[in-house]
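how would this look folded up:
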Amino acid sequence: MPALFFVLTSASSESSAGLASQSANLALQPGSGGWQSARGCSYPQELLLQLEHPGEIYEVEVAARGDLAPKAVDIYFSTGSREECLLGEPGFEHAATLELGNLLSAPGRAGTARRAKHRLLLRCSGQVKLLVHEPAVANPNNPFRQVALTSVGIWGYEDAGENQQIHLNKMLAKVDFGEGHEE
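Below is the predicted model of the structure:
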C-alpha cells in the first residue's frame, strides 16, 4: 500500500529552535527533522496536514521521541468536499486516538522512539487534523513541557475519481448509442 504525500500547513505552536523550522512544509515526513511544540504551550496542540489528493486512508502511524512523547494524538479526517477544504471550511470526523503514553521506553533510554499505528478504512477529502496532547510523563529533561513528533505516516490510495469521472463523461458524450436507446 503506498504512502500518501502531505504537507504540514499549520501548527498551533512550534519551537523556533526546534526541528520543524528546518523545513516546516515537510516536517513530519519520515526521514525529516519532525515537529516540536513551543516551550510552555497550552494543550492540545493542533497540526493540520494537507494531502496532495483526496483518497481512501487505510493506516496511520505516529512516532515520537520518548522524552518528548505526548500522552495521545487524536486523528481527524476532513469529510467535506475538496472545495470546502480549500476554502478552509472542512468538516472533520474523529477517526482514532493513538495512545503513546502507554508505550513505555526501555529503562534508561529516554530518547527511544515510541510508535503507535492504527488501521482503518475511510474517505478523506484532503485534510488531516492531529490534536497532540500533553507530555506522557513528567521528565527532568523536559522542563518546558514540550512534545515532539518525529514522523507521521499515512497510507492509502489517492482518489483519482474526480479526474476519472470527467474523462468518463467526455467519453460517453462521444458515444453514439443509436436509436431507441435512452441515456
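
right, and residue 62 touches residue 115 too?
Yes: applying CB atoms under 8 Å as the test, residue 62 and residue 115 come out as touching, 7.1 Å apart. Using the backbone N, CA and C atoms, a C-beta is placed for each residue, glycine as well.

Mind listing the shared neighbours of these two?
By CB atoms under 8 Å, 6 or more residues apart in numbering, residue 62 and residue 115 have no common neighbours.

neighbour-wise, which of these two wins?
residue 62 (26 against 15; other CB atoms under 10 Å).

Please give the element, helix or strand, for that one.
strand 55-65 (DSSP states H and E).

now residue 157
Per DSSP H and E: strand 151-158 holds residue 157.

now the angle from that strand to strand 55-65?
If you take axes from the mean of the first three to the mean of the last three CA atoms, to 10 degrees, strand 151-158 sits at 170 degrees to strand 55-65.

So for strand 151-158, what gets flagged as buried?
Buried residues in strand 151-158, counted by 16 or more other CB atoms under 10 Å: 151, 152, 153, 154, 155, 156.

Just put these in CSV and tack on distance to residue 80 and pLDDT.
What follows is the buried residues of strand 151-158, written out as CSV (distance: CB to CB, whole Å; pLDDT from 0 to 100):
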residue, distance to residue 80, pLDDT
151, 27, 87
152, 21, 91
153, 24, 91
154, 18, 93
155, 22, 94
156, 18, 93
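
Export these to CSV and append columns for distance to residue 83.
Below are the buried residues of strand 151-158 laid out as CSV (distance: CB to CB, whole Å):
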residue, distance to residue 83
151, 30
152, 25
153, 27
154, 22
155, 25
156, 21
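
quick one, helices of the protein?
For the chain, the helices defined by DSSP state H occupy 82-86, 161-174.

By mean pLDDT, show me the worst of those helices.
Lowest mean pLDDT of those: helix 161-174, a mean of 51.

for the chain, which spans come out with low pLDDT?
16-32, 82, 85-86, 88, 103-112, 160-183 (pLDDT under 70).
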